[in-house]
Every structure is written in C-alpha cells, then in structure tokens.
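Participant: Build the 3D model from these lines:
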Amino acid sequence: MKTKRYGQVPTTNLKKRFFLWSTLILLGGGLLLSALSFWNTRRLLMTEAMAKSEVILREVEAIRAYVKEELRPKMYELHSKDAFIIEAMSTTYISTRIMERFADSMPSYLYRRASLNPHNENNLADAFEEEMFDWFEEDGSRLFWQGVVRKNGEAFFISMVPDYFTRGCIRCHGKVEDAPQSLIDRYGSNGGFRFKAGDLAGINSVAIPVSSSLREAWQGSLIMFIITLGATLVWLYLLNLLFHRLVIERLGAMLSLMTEKTREHGESSPGDELDALHASLGSLRSYVRSARKGSSLQPNFIGDYVVTRPIVAGAMSWLYCGYTEKSQEKVALKFGFDEVLQNPLYRACLETELQLFETVSHACLPKVKQRLDDVLILEEVQGRSFITLLEKGRLDRHVLLPVFSQLCDLVSSLHAAGIVHHDLRPQILMLDERQRVQLIDMGLAADDSLPDPIVAAGLAPQGDPLYMAPEQIQGKRGDPRSDIYGLGILLYLAATGSLPFTEKRKSPQSWMQYKEQVAMPRNVGAGLSQALEQVIIKAMSPDRKQRYQWVEDLCEDLNNALTKH
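Facilitator: Take a look at the predicted model:
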C-alpha cells in the first residue's frame, strides 16, 4: 500500500477553518476597537453638549425667574396693577426674544418654549414634545431631561425642564375675561387660557445639533478600522507561515495514519482531527444518554406526575399539561414562577390563588385533585384559550350567549363568596368543543376572608391596563363592579373581534382619560344590535355608579339583547 511521506498534508479543511475563524476574530476585534473608539468619542461629545446645553438652559431659567420676581413687580409698581406690557412682563416673550438674539451669534444653540395650549401658535408642542409632557406629568419629581433626538433627518442633543404655572401667571393664563387687553389684542382669546396654579405650563428646551460631530466621529472610527484591517492582513500572513510549520505539518502525519486505519476497517475517514474529536464526543454523549435511560430517570417529574407542554402563563403561575406515571391519566399542573416563589409578597398572592382553587367549586373552575407543596394538580384542561379563538375574529352569535352565561354565573358565584377576580382576560379563559368555559387563573384575586397582600404592601396596580377598570388603575381593589367592567371588555372583544383600547404604554393618568374614549361597538363590529351595544357600553362605564351593579342584571340584559334580535 502506498503511504504518504512525513510532511505531506492530506486533504483537510482544518487549516481553512482556523484561518477563517482567525480572520473573523481579528476583524471582529477591529470592529470592536472602532466601535469603542466611536462610542468614546460620542460619549465625550455628548458630555460636552450636556454641560453646554444645561448652562444655557439654566441661564434662561434665571432670566425667567428675574422677570417673575423682580421686573414684573417693578412694572406693576411703576404703572398699575391692571397694566401689562408684554415686552417687559411676559416671561415667555422675554426669554424667547433674548434667545433669538443669542442665536444670531451662536446659531448652534436652539432655544424653544413648547406648550400644549400656547398663546403664540409658534410655541405649539410637536409630537416629541407632547410625549415629554406625558413623561413629566407621570412623575412630578422629574425636573430635568436630556437626550439625543432626531428631527428632520438631523440629530440634536436636547436638555429640557418643565415650567409650572404660579399664582402670578393665572392673570394671563386663567380666565379670558381677566386677561390684559393688550395680550388678547396680540394673541387672541383662543389659546393659552383655562389654566390654574400648579398646572404644567410648558417645557423649556435647548437643542444642540450633533449630526456633523457624530459624522466626524464615525469617519475617525472608519479610518481606524481600515488601519486595523491592513495590520490584520499582515498578521494573518505571518500567522499562516507559523501555523503551517508548527501545526499543520505535524498533524498531517497523524491524520494520514488515521485515514489508513479507518480504510483498513472499512470505515469512512473523518473530515479532520476536530471532526474525529466531535465523533468521539458524540459517542460519549450517546453512552451517557443510554445510561440515563437505563436508570429510568424522569427529567420532568413532580411526585407521581410527569410534566409535558405548557398551556398558559397566568399572573403568578404556569399551567402545564401532564399525566400520572402509573395510570397515564391526563392532568394539569399549576406551579408558581421562579421569581414568585422567591418573593414573599408574590408568594402570598400565589398561596391565596391555590387556596381559592381548593375551596371554590364551580363548573367553570377545574377541579383540584391534589396539592403537592406549591404545586396544584388539577383535572385535565381541554380546548383553546379565548385569545386564540378571537384571533380569527368575533364569536358567532350562537356561541356568544352560552359562553357569557357561564362567565356571568362564575363571576356571580365568586362575588357571592366574597371574591373579586380583578384580572378577567381572554388569555386565562379556555373553551372546549362543547363550549364549556374554564377559568384557569386567579393570581390577582382578592378574598374578603383573607388578607390582601397587594393592598397590605401598597403595591402599584397589578394586571393588564387594557382589561383593568379605571378604579383598579387608581389602586382600588375589592369592588365587584371592577369584574363587571372586565366582563364588558371581554364582551366588546367577543362581539366585535377587537379590543376597545390598543395603546399599551400609557401613564396611569393618561389611562384614566383613555378609558373614557371608547369607540362605539357598532362602529367596530358591523351587524351588532343597539340593545347589545347598550349592554356593552353600560358594563364598560368608567363611572362605577353608572355600571351594572350586579352581574345578574348584566346577564339578564345580555340574554334579552341576544335572544330578541
């Protein structure tokens, strides 16, 4: 048999792989170095822009304070209490005019006074500034904001501070009839009025264009990458010579011997030495797997039950499919999230949920078979979740009534037992082929016979704002009418095929206003009767006193609306 002499390298791709990865690593290092250079340069630019813009903004605020505290009172003293000279007494006018003159000599600094309801239309807030109004109003302790914003294709570093109305401002911004005539003559009587002391008057901002500076930083990083690329090519050439001499030639002889031995045994040759190592590790892994199977180790095993696929995640817990190891009987297993089990407060909520499932009996609640510590074994849960069914559109009329009759009966039974669910969502409702409804989560429920951990800890509202009643968003719990609101949302979704609200990133204050702006169901779902629409609107009333006071009344009106149409 013809053999290869020492030093002759067999066909292998080990060398190609090595240099491919070496190239990627070196190029990646070059990219990382360039990226770090760009980041550091950008950081220095942002730090400088931050300091400069803050100084200018503080100077403007000092000018406004001077007008309020000294210049305006002096003008009242020299003239009269009824006098109002805009050029000498308006903080917005004076600060804007001064900064316009400043911009003539320093065009890179852009000052702006923005308001949602200004006297001067030039000061009307744009879309970004409206978002910042929401941000400042969410938390009254927020007194400053800085960041990079893109406008009209250019990047600006912006510093912002909020400005609130004081008592001295209300003369010009309160009632129209109290405003100076000179102000009305200049700006009219439509904008800038109907405010009170303490309201957010506007946002003062200073913007510095940074696009050109960022381009220069990017160009510098690109030059650094080109230099790094050239150095990488030289380094790869030298490394190629060294690797070939010290590694490839020696491994070549070993690989030739391995190839000959595999041919003698009728085996196929591995691609390279690394492939041979991979094959060995694969054999070891197969051996370990066989050994584990031989010992009958169950990887997903809780007591006598085997856990399989997940069904749905609730507020505090997972619900999984499973079966008993011996009889193969199908079950559902409910156990808390890891972070819930580690947090005493949420663990208390989970404990309340498990106790409710153990003590409350209803056809729409899966029966409890056994409890193993923090795991609840339930009867098998069949069907699909509401959210999956409603992705295809609204429910048929012949399904709507039986489904909500069951839901109303369930919620009524919970209320009779002193329980408010607080979290009625389509994700935690299952519907099987027999149109049987099952509620599979009560993680946020409150029982008047048990302490409420959420109230005791003073937590913020818990749940999905899309389905929460307005009073829940305000942090109020334990009112059964909150569940009636949740039923109204579910009914709206089931009857129209869409939610009445789609926004998800709103402050609590904005949500309270948003809940009052409900699209009429018949405008969303064609073919709805007026009677059904009235049931939905009454159930979803933002005022608890205007809602259905009892679930039974809601169910009765719904039955009349669906059977008489």
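Participant: use CA for all of it now, contacts and neighbours both
Facilitator: Noted.
Participant: tell me the SS of Leu319?
Facilitator: What DSSP: H, G, I helix; E, B strand; the rest coil gives for Leu319 is strand.
Participant: tally of neighbours for it?
Facilitator: As a burial measure, Leu319 scores 24 neighbours (other Cα atoms under 10 Å).
Participant: and if you look at the one 4 residues further on?
Facilitator: Taking other Cα under 10 Å as the neighbour definition, Tyr323 ends up with a count of 20.
Participant: Now it: which helix or strand?
Facilitator: strand 317-324 (DSSP states H and E).
Participant: ditto for Pro461
Facilitator: Applying DSSP H and E, one finds Pro461 in no helix or strand.
Participant: just to revisit the earlier point, what's the strand holding Tyr323 packed up against?
Facilitator: In this structure, strand 317-324 makes packing contacts with strand 305-313, strand 330-336, judged by 3 or more Cα pairs under 8 Å, 6 or more residues apart in numbering; DSSP states H and E.
Participant: Which of these sits closest to Ser221?
Facilitator: strand 305-313 (46.3 Å; Cα to Cα).
Participant: tell me the angle of that closest one relative to strand 317-324?
Facilitator: 150 degrees (axes from the mean of the first three to the mean of the last three Cα atoms, to 10 degrees).
Participant: contact partners of strand 305-313?
Facilitator: Strand 305-313 is touched from outside by 298, 300-301, 318-325, 333, 427-428, with contacts defined as Cα atoms under 8 Å, 6 or more residues apart in numbering.
Participant: Restrict stretch 67-76 to CA atoms and write it as CSV.
Facilitator: This file holds the C-alpha atoms of stretch 67-76, laid out as CSV (Å, rounded to 0.1, in the frame of the first residue of the first chain):
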residue,chain,number,x,y,z
VAL,A,67,-38.8,88.6,35.2
LYS,A,68,-41.2,86.9,37.6
GLU,A,69,-39.7,88.0,40.8
GLU,A,70,-38.2,91.5,40.1
LEU,A,71,-39.0,93.0,36.7
ARG,A,72,-42.8,92.3,36.6
PRO,A,73,-43.4,93.5,40.2
LYS,A,74,-41.5,96.7,39.4
MET,A,75,-43.5,97.3,36.3
TYR,A,76,-46.7,96.9,38.4
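Participant: Single out the most deeply packed of the helices and strands packed on strand 317-324.
Facilitator: When those are scored by mean count of other Cα atoms under 10 Å, the highest mean neighbour count falls to strand 330-336 (a mean of 23).
Participant: quick one: strands adjacent to it?
Facilitator: Neighbouring strands of strand 330-336 in its sheet, by DSSP bridges, are strand 317-324 (antiparallel), strand 375-379 (antiparallel).
Participant: Of all the ones you listed, which one is nearest Arg481?
Facilitator: strand 317-324 (25.2 Å).
Participant: what does that closest one contact?
Facilitator: 304-313, 329-337, 340, 350, 380-381, 440, 443.
Participant: which of the residues in that strand are buried?
Facilitator: Ser317, Trp318, Leu319, Tyr320, Cys321, Gly322, Tyr323, Thr324 (16 or more other Cα atoms under 10 Å).
Participant: May I ask which two of those are separated the most?
Facilitator: Ser317 and Thr324 (20.6 Å).
Participant: one step back: chain center to the strand holding Tyr323: distance?
Facilitator: 27 Å (Cα atoms, centre = their mean, to the nearest Å).
Participant: now Ala348, nearest residue through space, not along the chain?
Facilitator: Distances taken as Cα to Cα, 6 or more residues apart in numbering place Pro453 nearest to Ala348, at 6.5 Å, with adjacent residues excluded.
Participant: Count the residues that sit near Asp126.
Facilitator: Quick note: Asp126 (other Cα under 10 Å) scores 12 neighbours.
Participant: one step back: now distance to Arg394 and mean pLDDT too, for the helices and strands packed on strand 317-324, in CSV please.
Facilitator: Shown next, in CSV, are the helices and strands packed on strand 317-324 (distance: least, Cα to Cα, whole Å; pLDDT from 0 to 100):
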stretch, distance to Arg394, mean pLDDT
strand 305-313, 21, 90
strand 330-336, 28, 92
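Participant: among those strands, which is nearest Gly191?
Facilitator: Comparing these by Cα to Cα, strand 305-313 comes nearest, at 49.3 Å.
Participant: ok so, going back, is it possible to export the contacts of strand 305-313 to JSON lines including distance to Gly527?
Facilitator: Converted to JSON lines, those look like this (distance: Cα to Cα, whole Å):
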{"residue": "Gln298", "distance to Gly527": "54"}
{"residue": "Asn300", "distance to Gly527": "49"}
{"residue": "Phe301", "distance to Gly527": "51"}
{"residue": "Trp318", "distance to Gly527": "38"}
{"residue": "Leu319", "distance to Gly527": "37"}
{"residue": "Tyr320", "distance to Gly527": "39"}
{"residue": "Cys321", "distance to Gly527": "39"}
{"residue": "Gly322", "distance to Gly527": "42"}
{"residue": "Tyr323", "distance to Gly527": "45"}
{"residue": "Thr324", "distance to Gly527": "48"}
{"residue": "Glu325", "distance to Gly527": "51"}
{"residue": "Leu333", "distance to Gly527": "41"}
{"residue": "Gln427", "distance to Gly527": "26"}
{"residue": "Ile428", "distance to Gly527": "28"}
